[in-house]
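Asks: Turn this into a model:
(one chain, ligands or ions: 1)
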Amino acid sequence: MTTLRAMRWWDLEAAVALERGLFADPWSPETFWSELAGVPDTRHYLVAEDGGAVVGYAGLFATRHQADVQTIAVASAQQGSGLGGVLLEALIAEASRRGCAEVLLEVRVDNMAARRLYERFGFEQISVRRGYYQPGGVDGLVMRLRL
Ligand SMILES: CC(C)(COP(=O)(O)OP(=O)(O)OC[C@H]1O[C@@H](n2cnc3c(N)ncnc32)[C@H](O)[C@@H]1OP(=O)(O)O)[C@@H](O)C(=O)NCCC(=O)NCCS
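Replies: Numbers count the residues shown, from 1 in each chain. Here you go, the predicted model:
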């Protein structure tokens, strides 16, 4: 059974390992440390755990009015079974709880799995960042969900 819980420093090794397998430009351990340093004031980070193993994670940056999905990831073997949706729903619920009016995120234009997930939750494209993702200069879409 997969459960969600707060990400802690001892999850970082597993999160960084997943990150390296899933992203072309993975976050370093230092980036995760600095994100976790913002919990709970401006950050909210979760892991999905299955049989003691971290199989996904997601993080939110929230100010008083606006929240950003900083990262969301599901291990390859678990993708396509709804876990990304469970993580995203938890981030949106936290943004609501904090009184944010909207949630923003950025996604590579060629990341169809992620785009489908965000659209299913009602995110709409509001702008394009040309060549935003390196290496490769792939466009980034900025998407917004009004709460
Ligand atoms: C994006 C991600 C978090 C989605 O997680 P998930 O657990 O697969 O999410 P879901 O099971 O809810 O599926 C989301 C949608 O993508 C589809 N999908 C899942 N894996 C897919 C794949 N490999 N190729 C194409 N579509 C895929 C699902 O069918 C679903 O579409 P639907 O809503 O039309 O049914 C996951 O694919 C992932 O970790 N990707 C790598 C990291 C990443 O790109 N993160 C997002 C950065 S913006």
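Asks: Now do the SS call for the closest residue to the ligand within the chain.
Replies: Nearest to the ligand, among the residues of the chain, is Gly84, at 2.2 Å (C-beta to the nearest ligand atom). C-beta: built from backbone N, CA, C; applies to glycine. Under DSSP: H, G, I helix; E, B strand; the rest coil, Gly84 falls in the helix class.
Asks: Tell me how many other residues crowd it.
Replies: Here the number of neighbours of Gly84 (other C-beta atoms under 10 Å) works out to 23.
Asks: cool, Ala62 as well?
Replies: 23.
Asks: now it: how far from Trp33?
Replies: When distance is defined by C-beta to C-beta, to the nearest Å, Ala62 is 19 Å away from Trp33.
Asks: And Trp9, by the same measure?
Replies: Trp9 is 7 Å from Trp33, by C-beta to C-beta.
Asks: Which SSE is immediately downstream of the strand or helix carrying Ala93?
Replies: If you go by DSSP states H and E, Ala93 is part of helix 83-97. Next in sequence after helix 83-97, counting helices and strands by DSSP H and E, comes strand 102-108.
Asks: mean confidence for that next one?
Replies: Mean pLDDT, computed over strand 102-108, is 97.
Asks: circling back to that earlier point, hang on, the residue of the chain closest to the ligand packs against Ala48?
Replies: No. Assessed by C-beta atoms under 8 Å, Gly84 is found out of contact with Ala48, at 9.4 Å.
Asks: overlap in contacts of those two?
Replies: Common neighbours of Gly84 and Ala48, counting by C-beta atoms under 8 Å, 6 or more residues apart in numbering, are Gly56, Val74.
Asks: Show me what counts as buried in stretch 137-147.
Replies: By neighbour count on 16 or more other C-beta atoms under 10 Å, the buried set for stretch 137-147 is Val138, Gly140, Leu141, Val142, Met143, Arg144, Leu145.
Asks: Just checking that stretch against the ligand, any contact.
Replies: No. Using C-beta under 6 Å from any ligand atom, stretch 137-147 never reaches the ligand; the gap is at least 8.9 Å.
Asks: Equivalent analysis for stretch 106-124, please.
Replies: Yes. Residues of stretch 106-124 are located near the ligand by C-beta under 6 Å from any ligand atom, namely Val107, Asn111, Met112, Ala113, Ala114, Arg116, Leu117, Arg120.
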